[in-house]
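Asks: got a predicted model here, sequence first, then my questions.
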Amino acid sequence: MSFKTKNLGSPDFLLFFLTVVLMVSGLIMIYSASAILAHDRYGSSYYFFLRQLLWITVGCAGMWVAYRIDLEALRALAIPGLFLGVLLMAAVCVPGIGRTVGGAQRWFRLGPFSFQPSEIMKIVLVFYLADSLDRRRKMLDNWQSLIPYGVITLVWAALLQKQHDLGTLVLLGLVTLLLLILAGMPYIFGLVPLAVSIPAIIYLVESASYRMKRISAFLNPWDDPQGAGFQLIQSLIAVGNGGITGVGLSNSTQKLFYLPAPHTDFIFAVISEELGLWGAGGLVFLFGVFVLRGFKVAGAVSQREGGTFQALLASGITALIGFQAIMNLGVVTGLLPTKGIPLPLISYGGSSMVFTLFSIGLLFNISSGVKLVSAPSRVPGSAVTA
C-alpha cells in the first residue's frame with residue numbers, strides 16, 4: 001500500500017476549522033459535565049477529561065494517516081476490511097469475549113480501555129459501498145445487481161440486533177440507502193427496503209420489553225417519571241433551564257447526579273443548560289455547515305474524471321456524521337426515542353472519537369486539492385445535488 005508523498009494539497013480549510021472547533025468545544029464541555037461526577041467516582045475531576053484528551057490524540061494520529069494514505073491503493077482492502085468488520089461484530093457477541101454494559105454486549109475490553117467494533121463497521125461499510133457501487137453503478141438499474149447489498153445488509157443488521165444496537169442499525173441503513181441512490185439506483189427500488197424495514201423495526205421494538213418501555217417513555221415520560229421516563233425528563237429540564245443565554249459554563253444543576261450520562265449521550269442537554277439557546281443553536285449550526293461542506297466536497301470531486309468513488313466515500317462519511325448528530329439531538333430534545341447514540345466529536349467516548357476522526361481524515365484526503373465551485377454539482381448517476 002502506498003502513501004501520498006507529493007501533489008498533496010491542503011485539506012478544505014472550513015472542514016478543518018469546523019472539526020477543530022467541534023473537538024475543542026466537546027473537550028471543554030466534557031470537563032464541565034463530568035468534573036463533579038469524576039471526582040466523586042474516581043477521586044479526580046480530570047478523569048474523563050484526560051482520557052478524552054488521550055483518545056483525541058490517538059484519533060488525530062489516525063486522522064493524519066487517513067489524510068496521507070493513497071485512497072486508490074486502499075480500495076484493494078475494501079472487501080477484506082468489510083470481512084474484518086463483520087468478523088469483529090460477530091466475535092463481540094460471543095460470551096466471554098465481548099463485554100456487556102447496561103445489558104448490551106457490544107464492547108471489547110483491552111486492559112483499561114474498551115472499544116465498539118460497530119464503530120469500525122461504520123467506516124469499512126461506507127468504504128466498501130463507495131468502492132463497490134463505483135464499480136457496479138452501470139448495473140444498478142437491474143434489481144438483481146442489488147441482491148449482494150441486501151445480503152450484506154442482513155448480515156450486519158442481524159449482528160447489530162444481537163448487540164441490541166437498534167440505533168446504529170437504523171443509522172447504517174439510512175447511509176446505505178443514501179449511497180445506493182447517489183450511485184444511481186432508481187428511486188422506486190428504494191421503496192422495497194423501506195417497505196421491509198419498517199415492519200421489521202416495529203417487530204424488533206415490540207419483541208423487546210425494554211424497547212417498548214423506551215417508546216412509552218418517549219410518548220409520555222411523565223407516566224413513569226422515576227423509571228423509564230427519568231432520563232428524558234431530566235434532559236428536558238436541563239434544556240428548559242438554559243433558556244436563551246444559559247446558566248453559565250460549569251453551572252449546570254442537572255449534571256449533579258440528576259441527568260444520567262451527562263458527559264456521553266446526553267451532553268447536549270448540559271450544553272443547552274449552561275450555554276442556552278445561543279450555545280446550543282450555535283453547535284447545531286456548526287454541524288449543519290459541516291454537513292453542507294462535506295456534500296459540497298463530494299459534489300466537487302465528482303466532477304473529476306474517475307471521481308465517483310471518492311464522491312461516494314465523502315458522501316457516506318458526511319452522512320454518517322450528519323445522521324448521527326440528528327439522532328443524538330433528537331433523543332436529547334425528546335423528538336426521537338432514547339438510543340445510545342453519541343454526538344460526534346462532542347460526546348465522551350474513545351472508539352467513537354478515534355474512528356470519527358479517522359473518517360474525517362479520509363474526508364480531508366478527498367478535499368485536498370479540490371476546487372469548490374459555487375454552482376451546484378451532481379454526483380454522477382444520481383439525481384441528488386450537493
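Replies: Ah, there it is. Residues are numbered from 1 along each chain as shown.

Asks: and the lengthiest strand in the chain, average pLDDT?
Replies: In the chain, ranked by residue count with DSSP state E as the criterion, the top strand is strand 104-110. Strand 104-110 shows an average pLDDT of 75 in the prediction.

Asks: the stretch 51-200 of the chain: strands as residue ranges?
Replies: According to DSSP state E, counting those that start in this stretch, the stretch 51-200 of the chain carries its strands in the segments 98-101, 104-110, 113-115.

Asks: any chance of a markdown table for those strands, columns mean neighbour count and distance to L204?
Replies: Just so you know, the C-beta spots here come from the backbone N, C-alpha and C atoms, and that holds for glycine as well. Rendered in a markdown table, the data for the strands of the stretch 51-200 of the chain read as follows (neighbours: other CB atoms under 10 Å; distance: least, CB to CB, whole Å):
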| stretch | mean neighbour count | distance to L204 |
| --- | --- | --- |
| strand 98-101 | 16 | 19 |
| strand 104-110 | 17 | 14 |
| strand 113-115 | 17 | 25 |
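
Asks: of all those, which one is nearest I181?
Replies: Put simply, out of the strands of the stretch 51-200 of the chain the one that sits nearest I181 is strand 104-110, at 28.8 Å, with distance taken as CB to CB.

Asks: strands paired with the closest one, and their directions?
Replies: Looking at strand 104-110 with DSSP bridges, its paired strands and their directions are strand 98-101 (antiparallel), strand 113-115 (antiparallel).

Asks: circling back: which one of the strands of the stretch 51-200 of the chain lies closest to F287?
Replies: With CB to CB as the criterion, F287 lies closest to strand 113-115 of the strands of the stretch 51-200 of the chain, at 23.9 Å.

Asks: roughly how far out does the closest one sit from the chain middle?
Replies: For strand 113-115, the separation from the chain centroid amounts to 17 Å (computed by CA atoms, centre = their mean, to the nearest Å).

Asks: how far does stretch 257-265 stretch from start to finish?
Replies: Using CA to CA, to the nearest Å, one end of stretch 257-265 lies 15 Å from the other.

Asks: chain center to the longest strand of the chain: distance?
Replies: For strand 104-110, the distance from its own C-alpha centre to the chain's C-alpha centre is 18 Å (CA atoms, centre = their mean).

Asks: need the residues that contact that strand.
Replies: Among residues not part of strand 104-110, those counted as contacts by CB atoms under 8 Å, 6 or more residues apart in numbering are 88, 91-93, 95, 97-101, 114-118, 163-165, 340.

Asks: what comes up buried for the helix or strand where M353 lies?
Replies: Assigned by DSSP states H and E, M353 belongs to helix 350-367. Across helix 350-367, burial judged by 16 or more other CB atoms under 10 Å covers 350-367.

Asks: likewise stretch 213-232?
Replies: K213, R214, S216, A217, F218, P221, A228, G229, F230, Q231, L232.
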